[in-house]
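[1] Please work out how this folds:
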Amino acid sequence: MIHQINMIIHISAGTVALLIGLIPYLTKKGGVQHRRFGRVFLYLMGVVVITALIGVMFYRSRPFLTVVTILSFYTAFGSYRALQYREQGPGKMDLLATAITLGSALVFLFMPSEGQVVWHSGVVNYLLGFIFLLCGYDLLRILKWIQLARLWLLEHIMKMTSAYIALLSAGTGTVLTGWEPYNQILPALVGSLIYVLILVNYFVTRYRS
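    Residues are numbered from 1 along each chain as shown. Predicted coordinates:
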């Protein structure tokens, strides 16, 4: 009974988050609607991540969902924090989040995977690699080895987009079971393309200005 309630809350929050999450992209950046619905998306992501963790820890463990849960938490939190520290750069709270995420990913990496063949291993490895890459970059920022003050805006955009793509990947990977492994691979590929487009647009815009 508790598991069913947890699943209903998880699916409902995830579905609404996918819809709400589009609004900040379609409204004026930094405007009232952008900030309002951005906060709502973060709250919903918090519900999604908490219910996902409950499901993973107490009911069933799936590699893909575990990795996506880690990625969703870290990118959503990182996107919010980028707006808080801005030019000052990340601090101790961000270091703690990076350490927890990196440690969780490392523990998961060395866990035995026998019998967990439901999810495509290539997607799991890809997402783990993305987590390690992101944590590595954040550590360089925390250690002040990367000190470009303007990067906070790019971090906010990239990490929020990552959280949305992770949420979409979890949804398609869970619901569209008849389309395996494409239901898991395609969102990751689309997400990668979006990251490239964001980076190109960001730096082209900065160069022109």
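[2] Where does pLDDT dip in the protein?
    59-64, 111-122, 145-150, 173, 176-182, 184, 202-203, 206-209 (pLDDT under 70).
[3] where along it do the helices fall?
    Using DSSP state H, the helices of the chain run over residues 2-20, 23-26, 32-58, 63-85, 92-109, 121-142, 151-175, 182-208.
[4] What residues sit buried inside the shortest one?
    By neighbour count with 16 or more other CB atoms under 10 Å, helix 23-26 contains the buried residues P24. To be clear about C-beta, it is placed using only N, CA and C from the backbone, and glycine gets the same treatment.
[5] Same question for the fourth one.
    Using 16+ other CB under 10 Å as the burial criterion, the residues of helix 63-85 that qualify are 63-82.
[6] Same question for the first one.
    Residues of helix 2-20 classed as buried: N6, H10, A13, G14, A17, L18, I20 (neighbour count, 16+ other CB under 10 Å).
[7] measure the first one to A105 for me?
    To A105, N6 is 24 Å away according to CB to CB, to the nearest Å.
[8] now do the second one
    When CB to CB is the yardstick, H10 and A105 sit 21 Å from each other.
[9] Equivalent analysis for the third one, please.
    For A13, the distance to A105 under the criterion CB to CB works out to 24 Å.
[10] One more: the last one?
    Counting by CB to CB, the separation of I20 from A105 is 27 Å.
[11] List the residues that contact the nearest residue to L109 once chain neighbours are set aside.
    Spatial nearest neighbour of L109, chain neighbours left out: L128 (6.1 Å); criterion: CB to CB, 6 or more residues apart in numbering. L128 is in contact with V67, A105, F108, L109, counting by CB atoms under 8 Å, 6 or more residues apart in numbering.
[12] Now do the contacts for the second one.
    So the one you mean is A105. Per CB under 8 Å, 6+ apart, neighbours of A105: V67, I70, L128, I131, F132, C135.
[13] cutoff 7 Å now
    Shown in contact with A105 (CB atoms under 7 Å, 6 or more residues apart in numbering): I70, L128, I131, F132.
[14] could you list every residue that touches the last one?
    In this structure, F132 makes contact with A105, judged by CB under 7 Å, 6+ apart.
[15] I figured L95 hits K144, correct?
    No: applying CB atoms under 7 Å as the test, L95 and K144 come out as separate, 11.8 Å apart.
[16] When the two are compared, which one has more neighbours?
    Applying other CB atoms under 10 Å to L95 and K144 shows that L95 carries more neighbours, namely 15 against 9.
[17] Look up how far V67 lies from the closest residue in space to that one that isn't next to it in sequence.
    Closest residue to L95 apart from its sequence neighbours, by CB to CB, 6+ apart: I142 at 5.1 Å. Distance, I142 to V67, by CB to CB: 23 Å.
[18] Buried ones in stretch 125-141, by neighbour count?
    For stretch 125-141, by 16+ other CB under 10 Å, it's Y126, L127, L128, F130, I131, L134, C135, Y137, D138, L139, R141.
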